[in-house]
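> here you go, sequence then predicted model.
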Amino acid sequence: MSDQIKIPKVYAPLFDQSHGKRYIIITGGRGSGKSFAASTYLCDDIWRNPNKRVLYTRYTMIAAEMSIIPEFTEKIELLQALPAFDIKTKDITCTATGSDILFRGIKTSSGNQTAKLKSIQGVTTFVIDEAEEMTDEASFDKIDLSIRTTAGKNTVILILNPTTKEHWIYRRWFENNLSYIEIDGQQIPVSTHPDVVHIHTTYLNNIKHLDQSFLSQVERIKKENPEKYRNLILGGWLEKAEGVIFPNWQEGDFDESLPYCYGLDFGYSPDPTALVRVAVDEKRKRIYLDECIYALELSTEQIIQQAKQHLKRPLDLIVCDTNEKRTVAAMARARLNVAKTKKYAGSVQDGIRKMQDYTIVVTPDSHNIKRELNNYVWNDKKASIPVDDYNHAIDASRYAYSRLSVRASGVRVR
């Protein structure tokens, strides 16, 4: 490798993969040099080795030629290997070896591209940059399981800034396979999963390449907000996202003595269909949530069948999203007791504001509801505009809550 490139020793398992593991997870905070090390390795790898095909993805990737391609071109120049490469708008090919890197987004304006990506032939290395943005484990599995070429070693590299412990990456490779390292007085979890090589790095590994103004910002965050410093700068996992909309929730049993109904939010892919049973205790100011359905790519018939299986009583009310009129009509023809939720300008904000007055009690097996509650945050808190993510079960819950909250007006819900 060129003398112009200095890679911290912590990245040695990335460049020397004699460990033989399929998964390499690279975590760390801001300024840690994760992307620099990974892109340098990928360029060096296809330059030196034939029969390599890298599928480099981000969950959302817009105009690779304007953002990612220049970053990789810079690494090729540092390797002093520019004449050996053919650089295009979405691909980089090493003409000396025939190996290449394909840059693709998983979610585009035309929808989820998982099916197209898993059909690409000959991929030896699958990379997800900013992997924390990929919240759908099923989409990852579809591509992961397609990486099985016999042309060379198969490697899957995930590069991320850790978010909350509800993320599937944490639950899959960290939760039951943990040890801790101390960084700047903080205990940071690292994965000991047998299928994984985990590389964790921080700005302290890369401090020689960082501007003083950045380091001053780091010191300010460290002093003013230790939890933010631990997550954003040192790359520690959070119990819940910063500034969640519903911080007041707890795990507990559903109160079966209360009137209830169901909320249904329609999705397909990448958004799930969510059915939630909801009860409201006005005296104790509690909302009870029980996850019934949380699944991708359900047909109308599957929604009907699964809803019938989860209803406590055949005529239990299901309050539905208004976006799928045909599905609601089909459910009604199937003798399900369905009603459309009332939507109006500001209805989301009104529902959120009212629900914030309650303690939310979530049943132990409602894993996706808990994940959403730990990650549903404001996009603009002053304007009461939430981020349109981690909200499918929460939206379903809000539909049911809105109906239950007007029960005193004569609406029959049970």
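On my side now, so go ahead. As the structure is a computational prediction, the values presented were derived from the model and not from experiment. Numbering: from 1, shown residues only.
> dump the helix ranked longest in the chain to PDB, restricted to CA.
Criterion DSSP state H: the longest helix present in the chain is helix 34-48. This file holds the C-alpha atoms of helix 34-48, laid out as PDB (Å, rounded to 0.1, in the frame of the first residue of the first chain):
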ATOM      1  CA  LYS A  34     -14.400   4.100   9.400                       C
ATOM      2  CA  SER A  35     -15.400   5.100   5.900                       C
ATOM      3  CA  PHE A  36     -11.900   6.100   5.000                       C
ATOM      4  CA  ALA A  37     -10.500   2.700   6.100                       C
ATOM      5  CA  ALA A  38     -13.200   0.700   4.400                       C
ATOM      6  CA  SER A  39     -13.100   2.500   1.100                       C
ATOM      7  CA  THR A  40      -9.300   2.200   1.000                       C
ATOM      8  CA  TYR A  41      -9.500  -1.500   1.700                       C
ATOM      9  CA  LEU A  42     -12.000  -2.100  -1.000                       C
ATOM     10  CA  CYS A  43     -10.000  -0.200  -3.700                       C
ATOM     11  CA  ASP A  44      -6.800  -2.000  -2.600                       C
ATOM     12  CA  ASP A  45      -8.600  -5.300  -2.600                       C
ATOM     13  CA  ILE A  46      -9.900  -5.100  -6.200                       C
ATOM     14  CA  TRP A  47      -6.600  -3.700  -7.400                       C
ATOM     15  CA  ARG A  48      -4.600  -6.600  -6.100                       C
END
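> give me the contact list for that helix.
For helix 34-48, contacts defined as CB atoms under 8 Å, 6 or more residues apart in numbering pick out 1, 5, 7-8, 11, 14-15, 26-28, 52, 54, 56, 71-72, 75-76, 78-79, 81, 84-85, 92, 94, 96-97, 99-101, 125, 127, 129, 157, 159, 201. Just so you know, the C-beta spots here come from the backbone N, C-alpha and C atoms, and that holds for glycine as well.
> rerun that using 7 Å as the cut-off
Under the contact criterion CB atoms under 7 Å, 6 or more residues apart in numbering, helix 34-48 has outside partners 1, 5, 7, 11, 14-15, 26, 28, 52, 54, 56, 71-72, 75-76, 79, 81, 84, 94, 97, 99-101, 127, 129, 157, 159, 201.
> for PyMOL, what selects the buried ones among those residues?
A single PyMOL command selects the buried members of those (16 or more other CB atoms under 10 Å):
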select buried, resi 7+11+14+26+28+52+54+56+72+75+76+79+81+94+97+99+100+101+127+129+157+159+201
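> low-scoring pLDDT stretches of the protein, where are they?
Across the chain, the ranges flagged by pLDDT under 70 are 1-4, 63-66, 108-111, 407-414.
> which residue is nearest the middle of it?
Compute the mean C-alpha point of the chain, and by CA atoms, centre = their mean the closest residue is Thr135, 2.4 Å away.
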